[in-house]
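Asks: below: sequence and its predicted model.
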Amino acid sequence: MKKRESRESRKHPRYTKIIQMNCRIEHFPDDLIGDKAKLKEGDSFRATTINVSETGMLINYDFLLPERTLLKMSVSDKTFGVKKISFFARVTWTKRNAYKIFGRFAAGLHLEKADKDDIAMLVEHFS
């Protein structure tokens, strides 16, 4: 039996590379209110990118975030020179990682507000 060829179903290709990101919680979804959350709006944390595309990215991190949470992400890496790249992204899904090599949780993010040149520079860095 011949194996069927798989086709990429995503509109934009994903590029894999590990970069440390600075993240700040801008806004939690209005319908989710809880006092037990480890992080509050305005709090910052570190995340590690796993892959990136023109419209989204996969990150690993240590705190569970609800879907639809809005984050401000920034990276300052020597690769980008002195320019600090920043953008806004919304959590579209989360899951617990089996191993916490880069973080206890994984999240898929949709890039919402970003300078097209910054995203192009980020994607170029990954590809």
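Replies: Good, I have the coordinates.
Asks: and the contacts of the longest strand along the chain?
Replies: Longest among the strand segments of the chain by residue count, using DSSP state E, is strand 85-96. With contact meaning C-beta atoms under 8 Å, 6 or more residues apart in numbering, strand 85-96 is reached by 26, 56-57, 64-76, 104-115, 118-119, 121-122. From N, CA and C alone the C-beta is placed, and that goes for glycine too.
Asks: and these, which of them are buried?
Replies: 56-57, 65, 69-73, 75, 105-109, 111, 114, 118-119, 121-122 (16 or more other C-beta atoms under 10 Å).
Asks: keep only those of the residues you listed that are in helices.
Replies: The members of the buried ones among the contacts of strand 85-96 that map onto helices under DSSP state H are Asp118, Ile119, Met121, Leu122.
Asks: which single one of the residues you listed is nearest to Asn51?
Replies: Of all those, the one sitting nearest Asn51 is Leu122; the distance, using C-beta to C-beta, is 11.2 Å.
Asks: quick one: residues contacting that closest one.
Replies: Under the criterion of C-beta under 8 Å, 6+ apart, the contact partners of Leu122 comprise Val52, Val75, Ile85.
Asks: from these, which is closest to Asp43?
Replies: Val75 (18.2 Å).
Asks: what score does that closest one have for pLDDT?
Replies: Among the per-residue scores, Val75 holds a pLDDT of 84.
Asks: ok, now Arg4?
Replies: So Arg4 comes in at 52 (pLDDT).
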